[in-house]
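Asks: got a sequence here, can you model it:
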Amino acid sequence: MGLNSKSDEDLMYEFQKGKESAFNILVERYKDKLVNHIYYYVKSREKAEDIVQDAMVRVYLNKDKYTGIAKVSTWVYTIANNLAKTELTKSKRVVKFSITGKDGGTDYEIHDKKAVTDDPLLKNELKEKLTESIDKLEDKFREIIILRDVEENSYEDIGATLDIPVGTVKSRLNRARLNLRDIVFDYVKK
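Replies: Take a look at the predicted model:
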């Protein structure tokens, strides 16, 4: 079985044994996803790339600290999230999130079967309003919406990444969706 077909955890164990090529495969698997994820925090592609590069350096230097308690993806995302939050704390600026799918190429849309439109101007307006609405959420709610509804992470992965119980993830997500609904509903009523 070649390295490319191994799980992330198996690759990490191979890397811990000294196989550099296993680390290179992990980097290739995660770099684009992480850049897209971190972009939601810093709103700069260049800063996101720098943070991801720094995160991968930390993974490299701390490879022996990975013990298999959590998934490799959770460990890597946690490192990157912490670096992004540190960067935001340093810059002390308001961060806005865009609504881009986890593949980085498609826009995330909320489908409302009652409000179908082919008008590109109206679609753009709705997308902008959705982005603005997510931006208005408290940080903890915005983060949950992005991790679950945009990036489609599991409740367990979100809990591990944010270091909160799955029950808290679910309740926070429910509250975030209710808040988002209220913000969007106020817009639709106008």
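Asks: so the residue most central in space within the chain: helix, strand or coil?
Replies: Centroid check for the chain by C-alpha atoms, centre = their mean gives His37 as the closest residue, at 3.7 Å. Look at His37: counting by DSSP: H, G, I helix; E, B strand; the rest coil, its state is helix.
Asks: so what's it closest to, chain neighbours aside?
Replies: In space, His37 comes closest to Glu151 once its chain neighbours are excluded; the distance is 6.4 Å by C-beta to C-beta, 6 or more residues apart in numbering. (C-beta placed from N, C-alpha, C; glycine too.)
Asks: the residue nearest to the centre of the chain touches Ala80, doesn't it?
Replies: Yes - look at His37 against Ala80 with C-beta atoms under 8 Å: they come within range, at 7.0 Å.
Asks: re earlier: so the residue nearest to the centre of the chain versus Lys19, what's the distance?
Replies: When distance is defined by C-beta to C-beta, to the nearest Å, His37 is 26 Å away from Lys19.
Asks: same check, this time on Gly2
Replies: 12 Å.
Asks: now swap in Asp182 and tell me
Replies: 52 Å.
Asks: and Gly2 and Lys19? Which one has more around it.
Replies: Per other C-beta atoms under 10 Å, whichever of Gly2 and Lys19 has more neighbours is Lys19, with 14 against 6.
Asks: grab the nearest non-local neighbour of that one.
Replies: Leu3 (7.5 Å).
Asks: low-confidence ranges, this structure, go.
Replies: For the chain, applying pLDDT under 70 flags the ranges 1, 91-127, 185-190.
Asks: domain map for this protein?
Replies: Domains of the chain are assigned by automatic domain parsing as 1-95, 109-190.
Asks: can you show me the helices along the protein?
Replies: 8-16, 20-42, 45-61, 72-91, 120-136, 139-145, 155-162, 166-189 (DSSP state H).
Asks: ramachandran angles for Glu152?
Replies: phi 60, psi 40 (degrees, to the nearest 10).
Asks: burial of it, as a residue count?
Replies: Quick note: Glu152 (other C-beta under 10 Å) scores 11 neighbours.
Asks: could you measure from the residue nearest to Lys19 over to Ile25?
Replies: Leu3 sits 6 Å away from Ile25, going by C-beta to C-beta.
Asks: please apply the same query to Ile51.
Replies: Taking C-beta to C-beta, one finds Ile51 at 21 Å from Ile25.
Asks: neighbour count for these two, which is higher?
Replies: Applying other C-beta under 10 Å to Ile51 and Ile25 shows that Ile51 carries more neighbours, namely 26 against 19.
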